[in-house]
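when you get a sec, could you give me coordinates for this:
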Amino acid sequence: MKRVMRKWGSFVWVLLVLMIALTGCGDKSDSEGTANGEPTELGSVSSFAEDAIIGDYVNQGVEVSIPKGALADGTTVLVEKNADAPKIDEAMMSLTGSPINVTITGNQRRTDAPIRIKMKLDASVFDGLMEFEGFKGAHFSDETGWSYTTPVEVNPTEGYIVFEVFNNPLWGPAELTETERKEQFIKNKALQQWGMSQIEGDVQQVTRDVIESILVEQFNSKNQSEIEAVAKAVLAELKYGNLEYGKLATDLMNKDFASYTANVATMVGKTFAEAYENDNLSELFGQTGTAAAAAGYLWEGDYSGAGMKLAEAISELSPVYKVGKVAVEVIDMKINNWKANGIEEAYKAYKEGSNDYILFGYDVDPGDFDQVYEQMRGVARQIEMDAVKRYANSIGVTVEELSDAQKEKAITRAKNDLKFQFEKRLKQEDEIEKAEEDQREVIAQFEKWGLLDKGKTWYPEDASIEQMLTRLHNQIARIQKETGRFDLVYRDGDLHDQARGLDNVGKIKENEMLVSHLAELISTRYVFGEEEYLKKLKEFGYMKPVELQVGTYTGILVVTEAPIIDVMKKALNDPASVPEIKDANGEKCEEFDIFEEDVQQSIREAIVQAEGVVGVEVPLTVTIIKADEEGTFAATIRADFKSAFPEYECEEPTDDPYMVAVDGDQLSLRYDLTEEGVTMTTIYKATLTEEGKLEGTFKASTTEEQYSGYAATQEIYSGTWRVTK
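Numbering: from 1, shown residues only. Reported below is the predicted structural model:
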């Protein structure tokens with residue numbers, strides 16, 4: 001008996017070992033959704049001919065909605081509430097409600113349409129909160145840990161969260177810590193940054209298409225041969241340096257199609273100006289005013305000014321909406337796809353394969369895109385539907401009006417674009433990791449300069465960290481456009497990276513900006529205002545170099561001060577206070593008697609006239625010309641007081657030349673008129689902006705002793721002026 005028992009015991013031991021071995025060698029296990037404790041079943045569904053709901057939100061706090069046709073017959077969805085949650089890293093997140101298992105068994109593990117999960121949240125999580133962007137749908141598996149999906153709704157009033165899923169792991173409502181929210185922002189921003197680097201060729205192609213559209217659609221067909229010649233010239237000479245590409249790519253990414261169109265129109269206009277004689281401009285544009293204005297610049301050799309004038313006409317006619325339709329296809333396919341729920345999971349499955357477990361519902365070999373795409377199911381369907389809608393919109397028709405061949409073309413392109421992105425990203429993971437480190441440095445600089453201190457005027461309590469980081473990055477983009485510098489140096493030490501070029505080691509190049517400088521500039525703008533920001537910009541050497549252009553500038557001047565007015569008023573009130581002016585022989589120099597009534601009446605009239613001039617806008621024309629071959633300038637200034645004050649019978653303004661002194665963006669225009677030993681000096685000072693605007697102050701003064709004797713100053717009048725080219 002004892003011997004028999006030993007044999008039976010040996011048999012059981014061998015059988016147990018065999019079962020363990022068979023378990024290890026069998027099908028891949030679907031281990032997602034494991035957790036401690038016994039789950040409670042909430043319900044199951046096996047037929048998907050109609051919409052189905054599992055769970056009772058009112059009584060159970062969970063409602064899982066499965067749309068009609070989301071799964072094939074022969075598939076079952078089981079929903080269970082977990083008694084215990086998996087281990088959580090409190091530095092990353094906290095669960096705000098009980099997690100559930102959504103288990104799909106049968107022929108499918110992923111759905112053809114999103115399953116919507118509505119879950120009740122613990123009421124305490126909303127206490128004192130003013131923003132709710134940190135709430136996510138959280139997914140757990142033993143192999144990958146926790147990951148997140150963006151909810152479609154967070155309702156703090158009723159206390160629930162809604163998110164959509166395509167696969168069958170454990171899911172729960174979660175609130176991310178601020179540290180983790182920053183980390184997620186970093187990852188998304190780095191991916192967007194990488195995506196931007198992938199669209200250079202697309203930006204060029206879109207721009208070429210837009211140029212062709214402008215040339216063909218906006219000008220008379222009778223000029224077709226000339227238009228085609230210009231098109232070739234534009235495309236041949238169009239250069240995509242850092243400045244031009246940075247402008248266009250940023251405009252497209254931000255969907256700022258008006259700015260994009262204006263930038264393209266400027267390039268086209270400049271090419272027109274350089275390529276055509278004045279007569280041809282009139283014929284080509286069919287707009288005498290526009291062509292004539294551009295021709296005026298051309299006569300002065302100013303191609304930039306002529307190009308801007310032509311660009312104004314082009315921009316007015318440009319179908320901005322068409323530019324938008326074309327651009328959206330490019331941007332959405334190459335950048336915005338990565339923002340969609342489910343794409344990141346598909347990429348991880350493509351990258352890693354499923355090995356010995358099911359990854360996000362995928363059972364695929366690493367690097368096999370076709371396997372992944374087939375198993376993406378609902379995620380792929382959404383990409384395809386979006387692609388068809390974009391294509392229909394870009395050609396101005398509805399989806400229903402597209403042929404099957406057109407739809408198939410859009411779908412194939414979308415799939416191929418996604419495959420290209422997966423393949424490219426797999427090869428460039430190290431670049432994305434580097435971009436993440438760069439983004440961490442950006443945030444570190446934001447923190448250093450107090451830009452992420454909540455409660456400041458620029459960071460209100462009801463703003464989320466994501467909103468603030470987005471706003472600060474928009475400030476970076478704004479400064480880049482203002483300065484024309486689109487390459488960032490993330491760490492000061494990176495200046496010594498010899499990959500930047502041996503000639504530039506340790507120095508900022510003309511298209512670069514230091515991130516540490518950017519953070520300080522943003523802080524300066526927020527705390528001290530625009531004027532101090534511009535000073536700081538100049539201090540760092542980031543002000544765009546501006547050059548004075550020849551041509552005609554028009555605008556206004558305003559007299560703000562006239563010292564003689566106070567002198568005349570004082571003379572009327574106290575005639576005895578008027579000093580006696582004597583010549584070298586001691587003889588009085590007065591030509592009138594201040595005590596005479598007719599003299600005092602004349603003074604009253606003069607006061608009225610002088611006060612009528614102060615504060616009134618006077619038409620001003622400034623013409624800049626080259627004074628010599630060495631690059632010095634001269635100018636004529638016509639302040640048209642005669643047209644501004646016809647009742648005063650002012651003299652016609654003169655065209656006598658002013659001498660122009662230029663020091664960077666600072667200008668001084670001076671004119672001296674000397675008659676009978678007395679000099680009248682007029683000086684206009686101004687700052688030149690990159691938009692071609694001159695703005696500053698002016699002052700007229702005299703050396704006439706009789707005037708300065710009465711007025712106790714040599715200044716006759718002064719004021720402000722501004723003109724634009």
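
outline the domain layout of the chain.
The record's domain parsing of the chain by automatic domain parsing lists 40-177, 200-319, 342-427, 431-539, 551-724.

for residue 184, find the nearest of the ones you listed.
Proximity to residue 184 (C-beta to C-beta) singles out domain 40-177 among those, at 6.9 Å. Heads up, the C-betas are built off the backbone N, CA and C, glycines and all.

what's the mean pLDDT across that closest one?
Averaged over domain 40-177, pLDDT sits at 91.

what about it, how long is it end to end?
29 Å (C-alpha to C-alpha, to the nearest Å).

where along the stretch 301-450 of the chain do the helices fall?
Assigned helices in the stretch 301-450 of the chain, in chain order: 303-317, 320-334, 343-352, 369-376, 378-394, 404-427, 429-448 (criterion: DSSP state H, counting those that start in this stretch).

quick one: closest of those to residue 153.
helix 378-394 (18.0 Å).

rank the helices of the stretch 301-450 of the chain by pLDDT, which is bottom?
Among the helices of the stretch 301-450 of the chain, helix 320-334 carries the lowest mean pLDDT (a mean of 60).

sorry, back to before: want to throw the domains of the chain into a markdown table with mean neighbour count and distance to residue 189?
Shown next, in a markdown table, are those (neighbours: other C-beta atoms under 10 Å; distance: least, C-beta to C-beta, whole Å):
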| stretch | mean neighbour count | distance to residue 189 |
| --- | --- | --- |
| domain 40-177 | 18 | 15 |
| domain 200-319 | 18 | 12 |
| domain 342-427 | 17 | 14 |
| domain 431-539 | 16 | 5 |
| domain 551-724 | 15 | 29 |
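
out of the helices of the stretch 301-450 of the chain, which comes closest to residue 724?
Nearest to residue 724, of all these, is helix 303-317, at 10.8 Å by C-beta to C-beta.

before we move on, back to that, would you tell me which of the helices of the stretch 301-450 of the chain gets closest to residue 692?
Taking the helices of the stretch 301-450 of the chain one by one with C-beta to C-beta, helix 303-317 is closest: 7.5 Å.

quick one: contacts for residue 53?
Neighbouring residues of residue 53 by C-beta atoms under 8 Å, 6 or more residues apart in numbering: 63-66.

next step: those restricted to helices.
Residues of the contacts of residue 53 located in helices (DSSP state H): none.

quick check: closest non-adjacent residue to residue 655.
With sequence-adjacent residues excluded and distances taken as C-beta to C-beta, 6 or more residues apart in numbering, residue 655 is closest to residue 636, at 4.7 Å.

quick one: contacts for the one you found?
Per C-beta under 8 Å, 6+ apart, neighbours of residue 636: 621-623, 625, 655-658.

what's the farthest-apart pair in the contacts of residue 53?
Top of the distance list for the contacts of residue 53 (C-beta to C-beta): 63 and 66, 10.7 Å.

mutual contacts of these two, please.
Common contact partners of residue 63 and residue 66 (C-beta under 8 Å, 6+ apart): 53-54.

helices of the stretch 1-150 of the chain, start to end?
Under DSSP H, counting those that start in this stretch, the stretch 1-150 of the chain gives helices at 2-25, 57-60.

which of these comes out lowest on mean pLDDT?
With a mean of 36, helix 2-25 has the lowest mean pLDDT of the helices of the stretch 1-150 of the chain.

tell me the confidence at the residue nearest to residue 655?
Reported pLDDT for residue 636: 90.

in the stretch 151-300 of the chain, where is pLDDT below threshold?
By pLDDT under 70, the low-scoring segments of the stretch 151-300 of the chain are 215-246, 274-300.

please redo it, this time with the cut-off set to 80
In the predicted model, the stretch 151-300 of the chain carries pLDDT under 80 at residues 169, 196-300.

measure residue 115 to residue 341 for me?
According to C-beta to C-beta, to the nearest Å, residue 115 stands 12 Å off from residue 341.

identify the contacts common to these two.
What both residue 115 and residue 341 touch, as defined by C-beta under 8 Å, 6+ apart, is the set residue 164.

so what's residue 388 up against?
Residue 388 touches 399, 402, 407, 410-411, counting by C-beta under 8 Å, 6+ apart.

I'd like those as TSV, with distance to residue 564 appended.
Compiled in TSV, these are given as follows (distance: C-beta to C-beta, whole Å):
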residue	distance to residue 564
399	76
402	77
407	80
410	76
411	80
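
farthest-separated two in these?
Across the contacts of residue 388, the longest distance by C-beta to C-beta is 12.0 Å; it joins 399 and 411.

what sits against residue 150?
136-137, 163, 341.

nearest to residue 379, of those?
If you rank the contacts of residue 150 by distance to residue 379 using C-beta to C-beta, residue 341 comes first, at 7.9 Å.

looking at this, residue 708 is in a strand?
No: remark: residue 708 does not belong to a strand; assigned using DSSP: H, G, I helix; E, B strand; the rest coil, it is helix.

distance check, it against residue 683.
Look at residue 708 and residue 683: by C-beta to C-beta, they are 17 Å apart.

any idea which element residue 488 lies in?
strand 487-489 (DSSP states H and E).

contacts for the helix or strand that comes right after that strand?
The helix or strand immediately downstream of strand 487-489 is strand 512-514, counting by DSSP H and E. Residues outside strand 512-514 that contact it (C-beta under 8 Å, 6+ apart): 479-480, 483, 485, 487-489, 492, 495, 508, 540, 542.

next: stretch 484-494.
Stretch 484-494 has contacts (C-beta under 8 Å, 6+ apart) with 242-243, 245-247, 250, 438, 441-442, 476, 480, 495, 500, 508-516, 518, 542, 544.
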